[in-house]
Structure formats: structure tokens, C-alpha cells
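Peer 1: Kindly generate the corresponding structure for this input.
(one chain, ligands or ions: 1)
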Amino acid sequence: MTESGKSGSKKREGKDPLDSLRIGAVEEEKKMKPGPPVKTANCTHRKRCGGCQYSELPYAEQLGIKEKRVRRLLGAFGPVQPIVGAEEPLYYRNKVTASFGFRNGKTIMGIYEQSTHKIVPIDHCLIQNREADRVTHIIRKLCISFKLKAYDEATGYGLLRHVMIRTAHRTGEIMVVLVTVSPILPSAKNFVKALRERCPEITTVIQNINPQRTSMVLGPREKVLFGKGYIEDVLCGLRFRISSGSFYQVNPVQTERLYQTALALAGLKKTEIVLDAYCGVGTIGMIASQFAGEVIGVELNGDAVRDAKVNARQNQIDNISFYANDAGVFLDDLSRTGKRIDVIFMDPPRTGSTEAFIESACGVRPSRIVYISCNPETLARDLRIFKRYRYKAEVIIPVDQFPLTEHVETMVLLSRK
Ligand code: SAH
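Peer 2: Sure thing, here's the model as predicted:
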């Protein structure tokens with residue numbers, strides 16, 4: 001972390017601005033080769049589940065395909081570096097959702113078949129955190145002994161819709177969210193007790209009530225049945241509170257690499273003012289705040305902003321502020337105040353950013369923008385807009401946040417020409 005920051009600031013002293021990055025990239029490249037071969041013989045759910053498109057391919061081949069895709073889509077905008085691979089491509093997902101339903105009168109648990117509401121029973125998943133997987137199986141068994149019925153969408157009978165588990169990589173804390181169709185959960189206390197006896201690592205249990213016919217897992221109301229109602233994890237040396245509904249990166253090991261590289265790209269100076277747009281629970285902004293003069297975070301999800309504010313206080317960071325707003329609207333308002341912004345980190349959802357945001361972002365004339373994207377297609381669309389405003393991609397780095405799947409994360413450093 002500190003090293004990335006230092007090498008980042010070096011590049012602001014008149015040397016080749018990408019030197020520090022090249023060193024970083026070479027190190028990463030060495031690390032990624034070639035990765036353990038992925039054995040998929042035991043993934044019998046592959047075709048129906050559809051979650052892992054590349055699970056049959058050796059890991060090095062998966063990386064090759066992703067890097068090629070990024071080169072094809074983004075190569076025209078700037079130089080693409082080798083993809084940063086994962087040392088451990090299996091069992092990385094820290095958020096696991098199991099859906100409950102009925103088949104032939106029996107409670108089944110699994111994940112929805114691609115683009116349907118049919119549950120594919122899953123006994124073992126290659127990318128989900130193993131402890132989280134274990135907890136879902138314990139819950140399924142407990143449901144039988146507690147006669148807790150799965151909700152049946154067809155008849156409206158039953159109670160339990162989904163179970164969501166979040167695990168914290170560094171602290172080992174585990175959150176269990178029981179998503180029910182109505183608020184009454186019979187024997188809740190004993191259920192939680194039995195669950196904790198079988199898995200003492202569980203630090204909080206939440207009941208989320210989702211009465212709507214929707215493909216969204218979580219509903220708007222929740223009750224804390226046990227513990228604090230959130231878990232905490234440590235990322236790049238800082239502690240983050242994560243609520244059930246807040247966005248948090250799903251691959252904690254690769255996320256540290258992603259953020260460290262983003263910081264190295266930005267090469268912040270202590271006097272600079274930074275905007276962290278689409279900031280979630282404030283992770284990037286808070287890490288950046290240690291190397292900047294001031295950081296402003298903006299995020300649409302109110303729960304995430306609440307977590308972000310608590311996180312800043314807990315980490316004793318006092319040069320950061322967070323706002324719950326649409327990033328485009330917020331930046332437009334901010335630009336009218338004449339506020340100076342030197343560097344923008346932006347990490348929008350898969351749909352990418354908006355023309356309005358990009359226009360406002362370029363309007364405040366930051367010298368660098370670090371764009372982190374989980375969808376190279378929308379990234380290409382947005383880079384085209386940035387180009388119109390004379391922001392050029394200095395370097396493009398793909399990072400494998402989602403091994404075994406076709407998804408790829410990409411980071412771009414843009415600077416004003
Ligand atoms: N930077 C964070 C979160 C990235 S995910 C991290 O690395 O953890 C994208 C985030 O954008 C989500 O938290 C989502 O709630 C938020 N978001 C989606 N649309 C938005 C909008 N229009 N304005 C601001 N934030 C938005």
C-alpha cells in the first residue's frame with residue numbers, strides 16, 4: 001500500500017509517468033503465471049447454473065481469453081498491460097446466495113438457473129467461499145428439523161426465500177441473512193442458537209423481509225436476530241463495516257491488488273483533492289485519503305453511505321466526506337460551486353457511467369481520472385465520450401476479479417491532453 005503510494009508519487013516528479021506501473025505490472029505478471037489448473041470434473045451443475053462459463057479451461061487459458069477481449073475492445077484507446085491474475089482462482093466469492101424452493105414436496109436449495117426462477121440444487125460450488133457454502137447446507141438441514149418451509153412462488157405457501165452469507169476474509173466474521181416472505185419467523189431464537197452451535201464463526205444473523213414478487217434477493221426491511229447486524233473486514237490495512245445491502249467487492253484478495261494498482265496509477269499528492277464516485281462503503285476513497293489532501297465520496301445507496309461514514313470515523317480518517325446522491329447530479333452541483341477536483345476515481349456498476357457524469361467530470365478538469373470497470377463494453381462506450389473531452393487513456397490494466405467466469409475487471413488511467 002505505502003509502496004504503491006510512494007512509487008505513485010515518484011511518477012509525478014518528471015520521470016516517465018508510467019515507470020512505477022511497469023515495475024508493478026511485471027511483478028504481477030510473474031505472480032500470475034500460470035496458476036493452478038482448475039479441476040472441474042466435480043462441477044456437475046455447470047451447464048444449468050451458467051455461473052462459471054470458463055470452469056473447464058485451465059486458468060492460464062481463461063486469463064488469455066480475458067486479456068484478449070480487453071485488447072480487442074479497448075486496445076484502440078491506449079496500451080493494454082498483461083492481465084493481473086489470481087494466485088488462487090477457486091473458492092473466492094465472499095458473498096453467497098442460496099435460494100430455497102420446493103420440488104416434489106421436498107425443500108430444495110440452490111441457485112436460479114440462468115435467466116429463470118427454476119432452482120438448480122447445488123451441493124458444491126467451485127467459486128463460493130467454502131465456509132459460506134457449509135453454512136448454507138447447515139441451514140437447509142435445520143430448516144427440515146425446525147419445519148421451516150421454503151417459500152413456493154407458485155402457491156404462495158411457505159416462508160424462506162433465500163439465504164445470503166457474507167464472509168469477511170481477514171477477520172473471519174460471518175453474516176447470515178435469512179430472507180423471508182413475511183415478518184413472522186417461528187422459533188427464531190432457537191433456530192439461531194442451533195445455527196451458532198454448528199457454526200460459531202457466525203457473528204451476526206439478520207432476518208430480511210421481502211414480500212415482493214421480484215428477482216431482487218433482499219427486501220427493504222430487516223430485523224437483527226443476533227449480533228451487530230453487520231460484519232467487518234480489513235482491506236489494505238483499513239477496517240470496513242459491511243451491511244447486508246451494501247456493495248462490497250466479492251473477491252477480497254484480488255480487490256487489494258485492484259485498489260493498490262488504482263492508487264499507483266493515480267500517483268496522489270498530499271495536497272490533492274480527490275473524488276471517489278460510485279464509492280460503495282468508501283473503500284477506495286478511504287485508502288486514497290492517506291495520500292491525499294481531501295477526499296469526497298458519492299454513492300446512491302443510502303445504507304452504503306451510512307456504512308462509509310462510520311468506516312471513516314472508525315479508521316480515524318478526517319479528511320473525507322460522503323454524500324448519498326446520483327454521481328452525475330452530485331458532480332454537476334459540485335462543479336457549479338467552483339470546487340477544485342484534482343483526481344477522480346470512478347467505479348460504476350456494469351451499466352457504466354452516464355454522459356452527464358462524464359461531461360461534469362471533464363468539466364471540473366481533473367488532471368487524472370482512474371476508471372475502474374467490471375464491463376469492458378460499457379467502458380469502451382464511456383472512453384469514447386472521454387476522448388471527445390480530450391481525456392486520453394494512458395494505460396489500461398485488466399484484473400481477474402472473477403476467475404472461472406467470463407467477467408473481467410479493467411482499470412484505466414485517463415489524463416487531460
Ligand atoms: N467503489 C466501490 C463500489 C463499486 S460498485 C467498491 O469498490 O467497493 C458500484 C457502486 O455504484 C454501488 O455501490 C452502487 O450502489 C453505486 N451506484 C450505482 N448507480 C449509481 C449512481 N447513479 N450514482 C452513484 N452511485 C451509484
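Peer 1: Identify the spatial nearest neighbour of residue 88, chain neighbours not counted.
Peer 2: Closest residue to residue 88 in three dimensions, ignoring its sequence neighbours and counting by C-beta to C-beta, 6 or more residues apart in numbering: residue 253, at 6.9 Å. Where C-beta positions appear, they are placed from N, C-alpha and C, glycine not excepted.
Peer 1: Pretty sure that neighbour sits against residue 169.
Peer 2: Yes: counting by C-beta atoms under 8 Å, residue 253 touches residue 169, with 7.1 Å between them.
Peer 1: Of all the residues in this structure, which one is nearest the ligand?
Peer 2: Of all residues in the chain, residue 280 sits closest to the ligand, at 2.9 Å by C-beta to the nearest ligand atom.
Peer 1: Skipping its backbone neighbours, what lies nearest residue 172 in space?
Peer 2: In space, residue 172 is closest to residue 201, 5.9 Å off (C-beta to C-beta, 6+ apart).
Peer 1: which residues sit in contact with the one you found?
Peer 2: The contact partners of residue 201, taken as C-beta atoms under 8 Å, 6 or more residues apart in numbering, are 131, 172, 173, 174.
Peer 1: among those, which are in helices?
Peer 2: Among those, DSSP state H puts residue 131 in helices.
Peer 1: Give me the buried subset of the contacts of residue 201.
Peer 2: Buried residues within the contacts of residue 201, counting neighbours by 16 or more other C-beta atoms under 10 Å: 131, 173, 174.
Peer 1: Report the contact partners of the residue nearest to residue 50 when sequence neighbours are not counted.
Peer 2: Counting by C-beta to C-beta, 6+ apart, residue 114 is the residue found nearest to residue 50 once chain neighbours are left out, at 3.4 Å. With contact taken as C-beta under 8 Å, 6+ apart, residue 114 is in contact with 48, 49, 50, 51.
Peer 1: tell me the SS of residue 114?
Peer 2: Here residue 114 is recorded as coil under DSSP: H, G, I helix; E, B strand; the rest coil.
Peer 1: Now do it, the pLDDT please.
Peer 2: Model confidence at residue 114, given as pLDDT, is 76.
Peer 1: Quick check on it: phi, psi?
Peer 2: Dihedral pair for residue 114: phi -50, psi 130, per degrees, to the nearest 10.
Peer 1: What are the buried residues along the helix or strand that contains the residue nearest to residue 88?
Peer 2: In the assignment (DSSP states H and E), residue 253 maps to helix 252-266. Using 16+ other C-beta under 10 Å as the test for burial, helix 252-266 gives 252, 254-266.
Peer 1: Does the ligand have contacts with it?
Peer 2: No: Helix 252-266 is not in contact with the ligand by C-beta under 6 Å from any ligand atom; minimum separation 7.1 Å.
Peer 1: Tell me where the stretch 1-150 of the chain has strands.
Peer 2: 95-103, 106-112, 119-121 (DSSP state E, counting those that start in this stretch).
Peer 1: Among those strands, which comes closest to residue 234?
Peer 2: Checking these against residue 234 by C-beta to C-beta gives strand 95-103 as the closest, at 16.8 Å.
Peer 1: May I have the closest one as PDB, with CA atoms only?
Peer 2: Below are the C-alpha coordinates for strand 95-103, written out as PDB (Å, rounded to 0.1, in the frame of the first residue of the first chain):
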ATOM      1  CA  LYS A  95     -21.000 -13.400  -0.800                       C
ATOM      2  CA  VAL A  96     -23.100 -16.500  -1.400                       C
ATOM      3  CA  THR A  97     -26.800 -16.600  -2.100                       C
ATOM      4  CA  ALA A  98     -28.800 -19.800  -1.900                       C
ATOM      5  CA  SER A  99     -32.400 -19.800  -3.000                       C
ATOM      6  CA  PHE A 100     -35.000 -22.100  -1.400                       C
ATOM      7  CA  GLY A 101     -37.900 -23.800  -3.100                       C
ATOM      8  CA  PHE A 102     -39.900 -27.000  -3.500                       C
ATOM      9  CA  ARG A 103     -39.600 -29.900  -5.800                       C
END
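Peer 1: where does the residue nearest the centre of the chain land in three-state SS?
Peer 2: What sits nearest the mean C-alpha location of the chain, by C-alpha atoms, centre = their mean, is residue 249, with 2.1 Å. Residue 249 falls in the coil class when you classify it by three-state DSSP.
Peer 1: residues contacting the nearest residue to it once chain neighbours are set aside?
Peer 2: By the measure of C-beta to C-beta, 6+ apart, the closest residue to residue 249 outside its immediate chain neighbours is residue 255, 4.0 Å from it. Neighbouring residues of residue 255 by C-beta under 8 Å, 6+ apart: 235, 249, 283, 401.
Peer 1: for those residues, which one is nearest residue 102?
Peer 2: Using C-beta to C-beta, the contacts of residue 255 come closest to residue 102 at residue 249, 33.9 Å.
Peer 1: Phi and psi next, for the closest one.
Peer 2: phi -50, psi 140.
Peer 1: so what's it up against?
Peer 2: 255, 258, 283, 401.
Peer 1: For residue 239, the count of nearby residues, please.
Peer 2: 15 (other C-beta atoms under 10 Å).
Peer 1: hang on, it packs against residue 315?
Peer 2: Yes: the pair residue 239 / residue 315 is scored as a contact, 6.1 Å apart, by C-beta under 8 Å.
Peer 1: The helix or strand containing residue 372 pairs with which strands, parallel or anti?
Peer 2: Take DSSP H and E as the rule and residue 372 turns out to sit in strand 368-373. Partner strands and pairing direction for strand 368-373 (DSSP bridges) are strand 343-346 (parallel), strand 409-416 (antiparallel).
Peer 1: Restricting the selection to alpha carbons, write the shortest one to PDB.
Peer 2: Translated: strand 343-346. Taking C-alpha atoms only, strand 343-346 is exported to PDB below (Å, rounded to 0.1, in the frame of the first residue of the first chain):
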ATOM      1  CA  VAL A 343      -8.200  13.300  -9.300                       C
ATOM      2  CA  ILE A 344     -11.400  11.300  -9.800                       C
ATOM      3  CA  PHE A 345     -11.700   7.600  -9.000                       C
ATOM      4  CA  MET A 346     -14.800   6.200 -10.600                       C
END
